[in-house]
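Visitor: Here's a sequence, model it:
(chains A and B)
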Amino acid sequence: MDKQSTLGDFESTLKRHAQELVERLEQGKFGEAVQLIHELNQTRDRGLYQEVGKLTRELHSAIVDFNIDPSIPQAEEVSQITDASERLSYVVRLTDAAANRTMDLVEQSTPVLGGLADDAASLSKDWQRFMRREASADEFRELVKRVDGFLTRSETESRQVSAHLNDILLAQDYQDLTGQVIKRVTQMVTEVERNLLKLVLMASQVDRFAGIEHDHQQLRDEKDKEKHPTRGEGPQIHADKREDVVSGQDDVDDLLSSLGF
Amino acid sequence: MKILIVDDFSTMRRIIKNLLRDLGFTNTSEADDGVTALPMLQSGAFDFLVTDWNMPGMSGIDLLRQVRADDRLKTLPVLMVTAEAKREQIIEAAQAGVNGYVVKPFTAQVLKEKIEKIFERVNS
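Guide: Numbering: from 1, shown residues only, chains lettered A, B, ... in the order given. Here you go, the predicted model:
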């Protein structure tokens, strides 16, 4: 790669010139020594300009790839990131609607089933009385009417609950739609990461020519500070593979009882 | 028994509300984070607090600390129902004075057990 050879050229020129520089200085040839320093500077500048040029070109193509046009004021509205945010908001909207629809139907069905169960229990009690021949003729006529009403009611209301269950089933169609959207967003994030990585590699070449060093430890410390547990992290995705994370309610209970709870 | 449910997601509040109603607790109120919940607790004569951890505004752990620091609220039973599952977080909540800790996703049975256990302790 020419990137490597530019840097290789620079480094070998640096080594060669450094030795010559020492020799010239020891020989007292200061004019030639200054000339060598000048050449070194030129090689370094040339490499630096080349790398900055490459970085600028990459940055430009990355901007094109991200579909961000910096010349228009509403640039953020057309970026892929905004598109992804909108897609994810759609997922939130859809899952929210499905959850609420499901809960609506459950809340409508529960009292219907409860009412049927109560009626059946009360009828069953009176039916037992009749079986034990404890019911009078009038009570029996009353019971027959109630049984008749109950049978009609249980038929229509069972169908109603059935229809609700079917609607609950249909409300799960969000999984298909949100799954597709999330897959697309995942693809986009991967692509953005690849482009960013390319830029970072380019920038690191510039760093080497310019002799810039980063304090990685400090950067990591700053990042760790942001991850303070008080802030909350949300659901753990790989709970079963991590030692510092509980994998379920049983683990929580064990931990709490070990603390004297 | 007056219960305050604090969670930033309305669906989760609704789930907890429904489960509590099944357990016979019908007098519930809702708040979407600690900032809204704290004044409700201070003026509302609540008997029990169910809170999430990760919320915008004031988080559940900060709400718990505020509750424990308030003379009128410091004995209020608090159940944390949260997706936060790091061991250090559970220890942190225990040290802050939580009465129970349920990790999401949870079952109706687990919620029932924890609530019953808390009241057993409070009443004994």
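Visitor: only C-alpha atoms for contact and neighbour calcs from this point on.
Guide: OK.
Visitor: Okay, and residue A:87 sits in which element?
Guide: Using DSSP states H and E, residue A:87 falls within helix A:80-131.
Visitor: I'd like the mean pLDDT over that helix, please.
Guide: Averaged across helix A:80-131, pLDDT comes to 92.
Visitor: I'd like the distance from that helix to the chain centre, please.
Guide: Computed by C-alpha atoms, centre = their mean, to the nearest Å, the chain-centroid distance of helix A:80-131 equals 29 Å.
Visitor: Who are the packing partners of that helix?
Guide: Applying 3 or more C-alpha pairs under 8 Å, 6 or more residues apart in numbering or on different chains; DSSP states H and E, one finds that helix A:80-131 contacts helix A:137-171, helix A:174-210, helix B:10-22.
Visitor: remind me which residues of chain A are low pLDDT?
Guide: Within chain A, the ranges that satisfy pLDDT under 70 run A:1-6, A:63-79, A:225-230.
Visitor: Counting neighbours, what do you get for the residue of chain A found nearest chain B?
Guide: In chain A, the residue found nearest to chain B is residue A:245; the distance is 4.2 Å by C-alpha to the nearest C-alpha. Neighbour count for residue A:245, taken as other C-alpha atoms under 10 Å in any protein chain shown: 20.
Visitor: I'd say it and residue A:239 touch.
Guide: Yes. If you go by C-alpha atoms under 8 Å, residue A:245 and residue A:239 touch, sitting 5.7 Å apart.
Visitor: what about the residue in chain B positioned nearest to chain A, how many neighbours?
Guide: Across chain B, no residue is closer to chain A than residue B:86, which sits at 4.2 Å (C-alpha to the nearest C-alpha). Residue B:86 has 23 neighbours, counted by other C-alpha under 10 Å.
Visitor: Ok, residue B:30 next?
Guide: By other C-alpha under 10 Å, 20 other residues sit near residue B:30.
Visitor: quick one, what contacts it?
Guide: By C-alpha atoms under 8 Å, 6 or more residues apart in numbering or on different chains, the contact set of residue B:30 is B:4-7, B:13, B:37.
Visitor: Just the buried subset of the residues you listed, written out for ChimeraX, thanks.
Guide: The ChimeraX command for the buried members of the contacts of residue B:30 (criterion: 16 or more other C-alpha atoms under 10 Å in any protein chain shown) is given here:
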select /B:4,5,6,7,13,37
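Visitor: Any chance of TSV for the contacts of residue B:30, columns secondary structure and pLDDT?
Guide: Below are the contacts of residue B:30 laid out as TSV (DSSP: H, G, I helix; E, B strand; the rest coil; pLDDT from 0 to 100):
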residue	secondary structure	pLDDT
B:4	strand	97
B:5	strand	97
B:6	strand	97
B:7	coil	95
B:13	helix	94
B:37	helix	96
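Visitor: of all the contacts of residue B:30, which two lie farthest apart?
Guide: Greatest spacing in the contacts of residue B:30, by C-alpha to C-alpha: B:13 and B:37 (13.1 Å).
Visitor: Identify the contacts common to those two.
Guide: B:6, B:30.
Visitor: So which residue is smack in the middle of the chain?
Guide: Chain wasn't specified; assuming chain A. residue A:186 (8.5 Å; C-alpha atoms, centre = their mean).
Visitor: Switch to chain B, please.
Guide: What sits nearest the mean C-alpha location of chain B, by C-alpha atoms, centre = their mean, is residue B:50, with 1.8 Å.
Visitor: What pLDDT is listed against it?
Guide: Looking at residue B:50, its pLDDT stands at 97.
Visitor: Report the separation between residue A:152 and residue B:100.
Guide: Distance of residue A:152 to residue B:100, given as C-alpha to C-alpha, to the nearest Å: 47 Å.
Visitor: Next, the angle helix B:10-22 makes with the worst-scoring helix or strand of chain B on mean pLDDT.
Guide: Here the helix or strand of chain B ranked lowest by mean pLDDT, DSSP states H and E is helix B:108-123, holding a mean of 88. Inter-element angle recorded for helix B:108-123 and helix B:10-22: 60 degrees (by axes from the mean of the first three to the mean of the last three C-alpha atoms, to 10 degrees).
Visitor: Just name whatever secondary elements helix B:108-123 is in contact with.
Guide: strand B:100-103.
Visitor: angle of the host helix or strand of residue A:10 against helix A:174-210?
Guide: In this structure, residue A:10 is located in helix A:2-27 according to DSSP H and E. For helix A:2-27 against helix A:174-210, the angle by the same axes, to 10 degrees is 20 degrees.
Visitor: All set now, cheers.
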